[in-house]
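Participant: Could you work out the structure for the sequence below:
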Amino acid sequence: MQKSELVESLKNGSLDNILVDIYLDKTKLDYQCARYIAACEKFELLFGSGDLSIFSAPGRIEIIGNNTDHQHGKVIAAAVNADVIAVVKKSEDDFVRMVSGENPEIKIDINALDISDEEAKSTTALIKGMLNGLKDMGYNLGGFAAYITSDIPVGSAFASSAAFETLLGNIVSGLFNDMKINAREIAQIGQYSENIYFGKPSGLMDQMACSVGGFVYIDFSNPADPVIEKIDSDLSDYSICITDTKSVSGDQSTEYALIVSEMKSVANELGKDFLNDVDKAEFEEKMHSLREKCSGRAILRAMHFFAENERVSQVLKALKDKDTEIFIKNENESGNSSFMYLQNVSSPIEYLKQDLPLALAVSENILEKDEACRIHASGFSGVMEAFVKNENVDKYKARLEEVFPDCLCSVVKIRKAGGMRVI
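Facilitator: From the prediction side, this is the model:
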């Protein structure tokens, strides 16, 4: 579609139904239309006119399964209605040209996709990794120009890098492969790109949630071939408030790594590599002897794993049965377990701050009995989530922002679609 046609369709309401289906909020239609039009205008300014397409990929949130994936456990994640979009057109040459926001243009030759140590931890590395992964799987590549813009909140554990990888996979799928690259493949290639090219060890949860869309259950018992199930459910009566308390400074990766190593220390003492392979009854029977070899915190963290893994199964059933009471019960128990057993609500480096525990306490005081709050993602990042009934969102958000004036409280809904071609 030519830019003038696309802009006119956005202005005259022809695309309203598509946008409401993606973003789930009619009150944000004007914002989304303006956002799309601005992206088209920027693309034309950068790359000229032509036959344009628009692609979208959502951010994601963790629903339950806090720090279970690295022990080959279970998780449930979900796509949300904050996304990254790209206005794109095919090129006549073999170059990918990309501008994201106000950043400089990145130019990549699709015939030169070798790994470069100098490019590690860069956007260029992610792009090259995605392109090479798609090429290795036998898919067609070609040159294209893209302008990208995102409204995924930065630093709030929405998996913006996984959304970006999903976006790239869908661009290549749409422009050169008739949208035949499936969501699971795009997620796996995203993980490959992040692990091998970008140089960051990561699991598959983020990429799978962004790529598949909706609620996604993942069982990592066999990490090479995880069980993945899209759950037909919604929480339309609820909004999810993701609050970044903005309280964390410095690198918290050491604290996260300690969770992994301490859980593994318990598994190793019981003759296994991962806690998911340990019999829970044996763990409980041998707890006395474990105390001689493992720290008390390691044992507590293992206790969290076993209970959290069971909670994932209960939430899976609750979502399928549309049983909100059981869902809320397990979400609150997950938050309490992260606080008491996993102990990832504050960093030992800044142990006096306690902003995230305070945010959870403030939330518990204001939330009703059929609402819930818990840690979001690693916990050490200072981010929490709350499942709040739609009519209570403004009151909840105002209270958090009153106590934490510098916080970022993002209100999102569960988006059914994963990565997609919009137009």
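Participant: Give me the nearest residue to residue 377, chain neighbours excluded.
Facilitator: For residue 377, ignoring the flanking residues on the chain, the nearest one in space by Cβ to Cβ, 6 or more residues apart in numbering is residue 157 at 3.6 Å. In short, each C-beta sits where N, CA and C put it, glycine included.
Participant: in a strand, that's where the one you found is, yeah?
Facilitator: No. Applying DSSP: H, G, I helix; E, B strand; the rest coil, one finds residue 157 to be coil, outside a strand.
Participant: What is the neighbour count of it?
Facilitator: Residue 157 is flanked by 23 other residues according to other Cβ atoms under 10 Å.
Participant: Report the contact partners of it.
Facilitator: Contacts for residue 157 (Cβ atoms under 8 Å, 6 or more residues apart in numbering) come out as 61, 62, 242, 244, 376, 377, 378, 381, 383.
Participant: Would you format these as a markdown table with neighbour count included?
Facilitator: A markdown table is the format used below for the contacts of residue 157 (neighbours: other Cβ atoms under 10 Å):
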| residue | neighbour count |
| --- | --- |
| 61 | 24 |
| 62 | 27 |
| 242 | 24 |
| 244 | 25 |
| 376 | 26 |
| 377 | 22 |
| 378 | 19 |
| 381 | 21 |
| 383 | 29 |
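Participant: For residue 286, see how far away the closest residue to residue 306 other than its chain neighbours is.
Facilitator: Spatial nearest neighbour of residue 306, chain neighbours left out: residue 280 (4.9 Å); criterion: Cβ to Cβ, 6+ apart. Using Cβ to Cβ, to the nearest Å, one gets 11 Å for the distance from residue 280 to residue 286.
Participant: And residue 122, by the same measure?
Facilitator: Counting by Cβ to Cβ, the separation of residue 122 from residue 286 is 46 Å.
Participant: Same question for residue 332.
Facilitator: If you measure residue 332 against residue 286 using Cβ to Cβ, the figure is 30 Å.
Participant: Which of those two has more residues huddled nearby?
Facilitator: Using other Cβ under 10 Å, the more surrounded residue of residue 332 and residue 286 is residue 332, with 18 against 15.
Participant: Span of stretch 42-52 from start to end?
Facilitator: Terminal residues of stretch 42-52 are spaced 12 Å apart (Cα to Cα, to the nearest Å).
Participant: Stretch 346-364 now?
Facilitator: Terminal residues of stretch 346-364 lie 17 Å apart, using Cα to Cα.
Participant: low pLDDT regions in the stretch 201-350 of the chain?
Facilitator: Applying pLDDT under 70 to the stretch 201-350 of the chain flags the ranges 248-252, 350.
Participant: Tell me where it has strands.
Facilitator: 215-219, 227-231, 238-244 (DSSP state E, counting those that start in this stretch).
Participant: Dump the ones you listed into a markdown table; add distance to residue 353 as well.
Facilitator: Below are these laid out as a markdown table (distance: least, Cβ to Cβ, whole Å):
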| stretch | distance to residue 353 |
| --- | --- |
| strand 215-219 | 33 |
| strand 227-231 | 36 |
| strand 238-244 | 14 |
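Participant: Those: which one's closest to residue 194?
Facilitator: strand 215-219 (16.4 Å; Cβ to Cβ).
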